[in-house]
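> the sequence and its predicted three-dimensional model are supplied below.
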Amino acid sequence: MRLGLDLRLTYYTGGGIAKYAARLAAELPRLAPADTHIHLYRRGHTARFSPQARRVACWTPAHHRLETLALSVEAWPHRLDLLHSPDFIPPLFGARRHLITVHDLAFLRYPQFLTAESRRYYNGQIASAVRRAQAIAADSHATKADLVELLGVPAEKITVIHLGLDPHFRPRPAEAVAAVLARHHLAAGFVLFVGTFEPRKNVPGLLRAYAVLRAAAPDAPPLVLAGLKGWLFDETMQLAAELGLANHLRFFENFPSADLPELYSAAGVLVLPSHYEGFGFPVLEAMGCEVPVVISDRSSLPEIAGDAALKVDPDSPEALAEALRQALGDSGLRAALIGRGRANSVRFTWEKTARETLALYQRVLAG
């Protein structure tokens, strides 16, 4: 097989979709060395995720308004049997078969959580993308259900393939944790949120819950927010000031990825109170580092966490505050959550993701 993988997005971001694409790029050629793997990079990108794959430099930028046509022209000469688009928008032509991955449908389920520009880009292309693709991979059963409900995609066209956990998310040695804490002027035991500051992540709800927690327990540990400044970041920080939390928050933008396992390992609890997640990497990353986890009871999060997290209504600051209090203060519950989380996290590996993806390639090409 001549297998194409679109890696152009990795030039612009290191976020969840880019991480997924990069890990597939590394794993697939290793698992299927008899196939020809052709990786499409953005011209100027110096990364190379697999030395076994043929590298193609593309002029077409990711998310360009003409990318479906322009990328078709660039892919066509490579005679691809299949082209996999990890960011869900396939070219109009350029391969014998097209596979897309849909990570979430937040822009349809919660349009108020996206900017007008993002809504226009995704809403204008998703219906055509799911129709053109011969098959669709979804990160979770929750996303598959959304594809069926919101876009009328036949269920048999969708294959759920869970993503993986990077193996370095494991408990770190005490001296390594201490070094990272000292470098970032932190003390262990804090409440941790990891993710982009955008409305669907429900950071304002977390701040309100943390204010409730502090009102009941003034000695509660600080709240550490590690992520990127997304849409409405300034408004979120204004809310923190209004709630009197400014002296109890630490915000780290672009926290070094190399230090994340130590950051997780030092946390008292990881909280992800999102209204919507297509998968939710921080849940598994924290569990891999043996940290108790509190999540919302929405979208894919209960599916990924299983019985290894406390689940709450993200619209109830009181319920979220109580879950944080329990996760921080109940030693028996903490031990149970840590044990279940460790067992849950080992179910998710990138090799498993790649093997299931390769099996899907084979089914698509045999059809």
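Perfect, I can see it now.
> all helices for the stretch 201-350 of the chain, in order.
203-216, 233-242, 260-266, 281-288, 301-305, 317-329, 331-345, 350-366 (DSSP state H, counting those that start in this stretch).
> mean pLDDT, distance to Pro111 and mean neighbour count for these - can I get that in CSV?
For every residue, glycine as well, the C-beta is placed using N, CA and C. Putting the helices of the stretch 201-350 of the chain into CSV (pLDDT from 0 to 100; distance: least, C-beta to C-beta, whole Å; neighbours: other C-beta atoms under 10 Å) gives the following:
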stretch, mean pLDDT, distance to Pro111, mean neighbour count
helix 203-216, 97, 18, 21
helix 233-242, 90, 18, 15
helix 260-266, 98, 31, 23
helix 281-288, 98, 24, 26
helix 301-305, 98, 20, 23
helix 317-329, 98, 24, 20
helix 331-345, 98, 32, 16
helix 350-366, 98, 29, 17
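> tell me the pLDDT of the closest residue to Pro167 other than its chain neighbours.
Closest residue to Pro167 in three dimensions, ignoring its sequence neighbours and counting by C-beta to C-beta, 6 or more residues apart in numbering: Thr349, at 7.8 Å. Note on Thr349: pLDDT of 98.
> picking up where we left off before, now tabulate the helices of the stretch 201-350 of the chain in TSV and tack on distance to Ser50.
Below are these laid out as TSV (distance: least, C-beta to C-beta, whole Å):
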stretch	distance to Ser50
helix 203-216	36
helix 233-242	36
helix 260-266	24
helix 281-288	22
helix 301-305	27
helix 317-329	40
helix 331-345	25
helix 350-366	11
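> so for Glu149, which of the ones you listed sits nearest?
Minimum separation from Glu149 across the helices of the stretch 201-350 of the chain (C-beta to C-beta) falls at helix 301-305, 15.8 Å.
> so how far is the closest one off the chain centroid?
In terms of C-alpha atoms, centre = their mean, to the nearest Å, the centre of helix 301-305 is found 13 Å from the chain centre.
> before we move on, what about stretch 48-55?
On C-alpha atoms, centre = their mean, the centre of stretch 48-55 falls 24 Å from the chain's centre.
> contacting residues around it?
The contact list for stretch 48-55 (C-beta atoms under 8 Å, 6 or more residues apart in numbering) reads 5, 7, 10, 22, 25-26, 28-30, 33, 36-39, 41.
> most neighbours of all the residues you listed, which one?
Among the contacts of stretch 48-55, the one with the most neighbours (other C-beta atoms under 10 Å) is Leu7, at 29 neighbours.
> contact partners for that one?
Here Leu7 is in contact with 21-22, 25, 39-42, 45, 49, 86 (criterion: C-beta under 8 Å, 6+ apart).
> farthest pair in the contacts of stretch 48-55?
The widest separation within the contacts of stretch 48-55 (C-beta to C-beta) is 22.3 Å, between Thr10 and Pro33.
> about what we covered before: compute the number of surrounding residues for the residue nearest to Pro167.
Burial of Thr349 is recorded as 18 neighbouring residues (other C-beta under 10 Å).
> how much space between it and Leu163?
Here the distance between Thr349 and Leu163 works out to 10 Å (C-beta to C-beta, to the nearest Å).
> same thing with Ser265?
When distance is defined by C-beta to C-beta, Ser265 is 21 Å away from Leu163.
> now Asp313
Separation of Asp313 from Leu163 (C-beta to C-beta): 26 Å.
> neighbour count: the two, which is higher?
Leu163 (25 against 15).
> which stretches in this structure count as strands?
2-6, 36-42, 54-58, 80-85, 95-102, 135-138, 158-160, 191-194, 223-227, 249-253, 269-272, 293-296, 310-312 (DSSP state E).
> now the longest one, how far from the centre of its chain.
A distance of 21 Å separates the centroid of the chain from that of strand 95-102, by C-alpha atoms, centre = their mean.
> surely Leu365 is in contact with Ala95?
No: contact criterion C-beta atoms under 8 Å: Leu365 and Ala95 do not qualify, at 10.5 Å.
> quick one: common contacting residues for the two?
Common neighbours of Leu365 and Ala95, using C-beta under 8 Å, 6+ apart, are 81-82.
> okay, domains of the protein per the record?
2-164+349-366, 174-345 (automatic domain parsing).
> which one is His248 nearest to, not counting chain neighbours?
Nearest non-adjacent residue to His248, counting by C-beta to C-beta, 6+ apart: Pro222, 5.1 Å away.
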